[in-house]
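Engineer: need a structure here:
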Amino acid sequence: MELRSIESDIPKELYDILEKEITQLRPAQEKSIKKGLLDGKNLLVCTPTASGKTLIAELAALKSIIEGKGKAVYIVPLKALASEKYKDFKRRYGKIAKIALSIGDIDNSDPYLAEYDLIIVTAEKMDSLLRHHAPWVSSIKTVIADEIHLLNDPERGPTLEILITILKQLLKDVQIIGLSATIGNAEELAEWLDADLIVDEWRPVKLHKGIYYDGKIEFY
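Structural biologist: Numbering: from 1, shown residues only. So this is what the prediction gives:
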């Protein structure tokens, strides 16, 4: 699917940015669009690393922001990943949306975030913001949960599960996008999220498997 095929479905400001970097949408992106990504549908995207999952989230978030429907929060498991996403989003979308990074003091409600459109947070920080009853939370329209397979992690999983549960209850019309390279129980998780499951094996570089022994690699 070519990018220009969705030109009329996304805001011009967003299209003008994307067309400078891409011309062809990747398989998972095409599947997501056909499943209602741009219509506010919940999606669980399970595809290999570097297959284009982040752009799927960006399309949903920026469309909602530019059209005035509401804020977007991008939830990640690690502060380092949050900082990386913040730099990337700021570089690409800083001129069309107000982008913030919130990964610090979990005892602070960060009221300044009310002025921002796209907010990158760790799960622990977002959980804290909810506990502090940050008033701007009601303005969230899009929730992206990156590395959502960590729901199974004994340390981070419970926080993420409770967080998503609360957001689903508080925000009746929210769009939830779950992203992961691998999920063991994808169908079950998609059902819990009330989301369509997007599965695709395409990757930009072919993956070769082999065994290393005695200084040699034997591929199979």
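Engineer: And the helix or strand where Glu187 lies, what does it pack against?
Structural biologist: Secondary structure from DSSP states H and E places Glu187 in helix 186-193. Packing contacts for helix 186-193, counted by 3 or more CB pairs under 8 Å, 6 or more residues apart in numbering; DSSP states H and E, involve strand 43-46, strand 175-180, strand 196-199. No exception for glycine: its C-beta is placed from N, CA and C like everyone else's.
Engineer: Mind pulling up the pLDDT for Val205?
Structural biologist: Note on Val205: pLDDT of 65.
Engineer: just Leu151 next, same as before
Structural biologist: Looking at Leu151, the pLDDT reads 90.
Engineer: Now it: closest residue in space that isn't a chain neighbour?
Structural biologist: Gly157 (4.9 Å; CB to CB, 6 or more residues apart in numbering).
Engineer: Looks like the one you found contacts Ile148 (just checking).
Structural biologist: No. With contact defined as CB atoms under 8 Å, Gly157 does not reach Ile148; the gap is 10.1 Å.
Engineer: who's more crowded, the two?
Structural biologist: Ile148 (25 against 15; other CB atoms under 10 Å).
Engineer: so what's the more buried one scoring on pLDDT?
Structural biologist: With respect to pLDDT, Ile148 scores 94.
Engineer: Specify the beta-bridge partners of the nearest residue to it once chain neighbours are set aside.
Structural biologist: Distance criterion CB to CB, 6+ apart; nearest residue to Ile148, sequence neighbours excluded, is Gly178 at 3.9 Å. The residues listed as beta-bridge partners of Gly178 by DSSP bridges are Leu44, Ala145.
Engineer: Share the number of residues neighbouring Gly178, please.
Structural biologist: Residues near Gly178, counting by other CB under 10 Å, number 30.
Engineer: Pull the contacting residues for it.
Structural biologist: Residues in contact with Gly178 (CB atoms under 8 Å, 6 or more residues apart in numbering) are 43-45, 144-145, 148, 189, 193, 195.
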